[in-house]
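Visitor: Take a look and give me a structure for this.
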Amino acid sequence: MTILIAIAAFLVAIAILVGVHEFGHFWVARKLGIKIIRFAIGFGKPLWTYKSKDKDGTEFVLAAIPMGGYVKMLDEREGDVDPAEKHRAFNTQPVWKRFLVVLAGPLFNFIFAIAAFAVIQMMGVDSVRPYVGNISPNTPAALSGFEDKDKIVGINDIDIQSMRQVRLTLLNEYLINPDLTIHVETKSGSNVSRRLDLTDTRLLSDEKDYFTKTGMSFWQPPHSISVAQVMPDTAALEAGVKVKDKLVSVDGKEVTSGKFFADYINNHAGESVQLGVERDGSKKILEITPRLTEIEGKKRGLIGVALKADYSEADVKDLFFVRQASFVESLKFGFTETYGLSIMTLKVMGRLITGEASLKNISGPITIANYAGKSASVGFSAFLTLMAIVSLSLGVLNLLPIPMLDGGHLLYYIVELVKGSPVSEKVEAIGMRIGMSLVGVLMVVAIYNDIGRLIN
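Guide: Next up, the predicted model:
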């Protein structure tokens, strides 16, 4: 069922975003008087077709494989054109019209992202207050003097309200200058600024969470840990651990967090451990021996349970809040979010080219489908957020000056404006082969990474 939801969510998302992109080309072309022969979403066998009743008789097609689409315009390079309609052929248009038609596809992807982010903001975004805790020793955060429950209120000159803002702003500012100034409100209520020097910290050297590489993690209020699930054929099942058992102690040490418990178990593989649990109001001591298990090439001690953190209602109310804004403020947020994420995408691409960021950060259709399924299960707001991010990514990608992509065609038109004549067919053919090779290599890397993630 999870796989089916992921596939369905992915196909819906891609079909909508491809439709938005192609509609941009279609709408601008028609406004500029260019004749549209076919507007198609997907490839393969047509599932639905409709022919417009106007004089152009444009054919609208929805095909079986929604992994792309196209707008077929009247063009002398693709067949004979009636002399009476020559003025409506794409290739006969002045360069500025062709430029606008091609630019419209990526531009509509950005417009969709802006609108989606604005809608999400108006609906209200579930957010987490930007408290940090569990500062790892000998890390940039520890050397900067960060303390448990520091509340980040600013990064450089940017105000911060939520943990999501911390993550995005930290990465964006790091890509500009890795020497950051973090403004915090301490647990005692005083305001201080801490210098976080990430010059020697390669946040994007692999696909692991870049935020934890700073030495910071999300602060969690005091809570108890209970067992949510006991896996079959595991040490926990053999020891008599049951669902809803509250984990009180391990070898006499108080269980203060799920991370503390997981780390302790991991470090005592093959050793007998005294596990203190509370069950139905009474306390029990269970003997359990964590089993050495290999995960992603690393050996870990595991007992085979899923954990659940139980927070008090007051702590939850203090930690979580809903960010909601008016129409104007939401629209402004949509613009700034789309712009910021687009610039950050370009910066990361630049780091990929220079080797400062790992190619493992590239994701393909399998990873997108996985997140589409998860976000669809969470709710409409999460799914719409994913679509906004993918849409702006499509916009950025299509604007790259690579032949075969929209950006490659725009590059040709700029050259045409400079030299006064179109790029030769020979140059276009060579560029197309180069572009197809580059995009092909990118897809191979992306799918390879996707499969690696599935295996792990």
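
Visitor: Dihedrals phi and psi, Ser363?
Guide: With angles defined as degrees, to the nearest 10, Ser363 shows backbone torsions of phi -120, psi 150.

Visitor: quick one: it and Ile120, what's the gap?
Guide: 21 Å (CB to CB, to the nearest Å). Every C-beta, even on glycine, is put in place using the N, C-alpha and C of the backbone.

Visitor: Neighbour count for these two, which is higher?
Guide: More crowded of Ser363 and Ile120, by other CB atoms under 10 Å: Ile120, with 21 against 18.

Visitor: How about the contacts made by the more buried one?
Guide: 381, 384-385, 388 (CB atoms under 8 Å, 6 or more residues apart in numbering).

Visitor: Which members of those residues occur in helices, if any?
Guide: In this view, the contacts of Ile120 that belong to helices under DSSP state H are 381, 384-385, 388.

Visitor: Can you tell me which of these comes closest to Arg194?
Guide: Within these, proximity to Arg194 (CB to CB) peaks at Thr385, which comes in at 30.1 Å.

Visitor: my guess is the closest one meets Ala116, correct?
Guide: Yes: with contact defined as CB atoms under 8 Å, Thr385 counts as touching Ala116 (7.4 Å).

Visitor: Find residues that contact each of the two.
Guide: Residues touching both Thr385 and Ala116 by CB under 8 Å, 6+ apart: none at all.

Visitor: And the two? Which one has more around it.
Guide: Of the pair Thr385 and Ala116, Ala116 is the one with more neighbours under other CB under 10 Å, namely 23 against 18.

Visitor: Look up the pLDDT of the more buried one for me, please.
Guide: For Ala116, the pLDDT comes out at 95.

Visitor: Hmm, Phe383 and it touching each other?
Guide: No: Ala116 lies out of contact with Phe383 (CB under 8 Å); the separation is 10.0 Å.

Visitor: rewinding a little: name the member of the ones in helices among the contacts of Ile120 with the most neighbours.
Guide: Neighbour counts for the ones in helices among the contacts of Ile120, by other CB under 10 Å, peak at Ala388, which reaches 25 neighbours.

Visitor: Apart from its neighbours in sequence, what residue is nearest that residue?
Guide: Across the structure, with CB to CB, 6 or more residues apart in numbering as the measure, the residue nearest Ala388 apart from its sequence neighbours is Ala116 (3.7 Å).

Visitor: Check which element follows the host helix or strand of the one you found along the chain.
Guide: Using DSSP states H and E, the element containing Ala116 is helix 95-123. Helices and strands here follow DSSP H and E; after helix 95-123, the next one along the chain is strand 125-128.

Visitor: Quick check: which helices or strands does that following strand pack against?
Guide: Here strand 125-128 touches helix 163-176, strand 320-323, going by 3 or more CB pairs under 8 Å, 6 or more residues apart in numbering; DSSP states H and E.

Visitor: right, so of those, which gets closest to Met443?
Guide: Smallest distance to Met443 across the helices and strands packed on strand 125-128 (CB to CB): 24.9 Å, for helix 163-176.

Visitor: Paired strands for whichever helix or strand comes after that closest one, with orientation please.
Guide: Tracing the chain past helix 163-176, the next element assigned as helix or strand by DSSP H and E is strand 179-185. Strands that pair with strand 179-185, judged by DSSP bridges, come out as strand 150-155 (antiparallel), strand 191-197 (antiparallel).

Visitor: angle of strand 179-185 against helix 163-176?
Guide: Relative orientation of strand 179-185 with respect to helix 163-176: 160 degrees, computed using axes from the mean of the first three to the mean of the last three CA atoms, to 10 degrees.

Visitor: Distance from the chain centre to strand 179-185, please.
Guide: If you compare the mean C-alpha spot of strand 179-185 with that of the full chain, they lie 25 Å apart, counting by CA atoms, centre = their mean, to the nearest Å.

Visitor: Could you shift the numbering so residue one becomes 606, and keep it that way?
Guide: Got it, first residue is 606 now, which makes that one strand 784-790.

Visitor: Contact partners for the closest residue to Leu708 other than its chain neighbours?
Guide: Nearest residue to Leu708, sequence neighbours excluded (CB to CB, 6+ apart): Leu1015, at 6.3 Å. Shown in contact with Leu1015 (CB under 8 Å, 6+ apart): 704, 707-708, 1004, 1006.

Visitor: go on, Phe717?
Guide: By CB under 8 Å, 6+ apart, the contact list for Phe717 reads 622, 625, 992-993, 996.

Visitor: which residues touch Val706?
Guide: Under the criterion of CB under 8 Å, 6+ apart, the contact partners of Val706 comprise 630, 633-634, 637, 639, 678, 695, 698.

Visitor: I'd like those laid out as TSV, including neighbour count and pLDDT.
Guide: Putting the contacts of Val706 into TSV (neighbours: other CB atoms under 10 Å; pLDDT from 0 to 100) gives the following:
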residue	neighbour count	pLDDT
His630	26	96
Val633	20	96
Ala634	25	96
Leu637	17	95
Ile639	24	95
Met678	23	94
Phe695	22	94
Gln698	19	94
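
Visitor: now, among those residues, which is nearest to Val1049?
Guide: Minimum separation from Val1049 among these (CB to CB) is found for His630, which lies at 27.4 Å.

Visitor: Distance from the chain centre to the one helix or strand that closest one maps to, please.
Guide: Secondary structure assignment for His630, by DSSP H and E: helix 607-636. Taking CA atoms, centre = their mean, one finds helix 607-636 lying 17 Å from the centre of the chain it belongs to.

Visitor: low-scoring pLDDT stretches of the stretch 906-1055 of the chain, where are they?
Guide: Residues of the stretch 906-1055 of the chain that meet the criterion pLDDT under 70 lie in 1055.

Visitor: Now do the helices in it.
Guide: All helices of the stretch 906-1055 of the chain, identified by DSSP state H, counting those that start in this stretch, fall at 918-924, 932-959, 970-983, 985-1003, 1011-1024, 1030-1060.

Visitor: Compare the ones you listed and give me the one nearest Ile787.
Guide: The nearest among these, by CB to CB, is helix 932-959 at 18.2 Å.

Visitor: Show me what counts as buried in the closest one.
Guide: Burial within helix 932-959, assessed by neighbour count using 16 or more other CB atoms under 10 Å, is assigned to 935-936, 938-939, 942-943, 946-947, 949-950, 952-954, 956-957.

Visitor: Alright, I will stop here.
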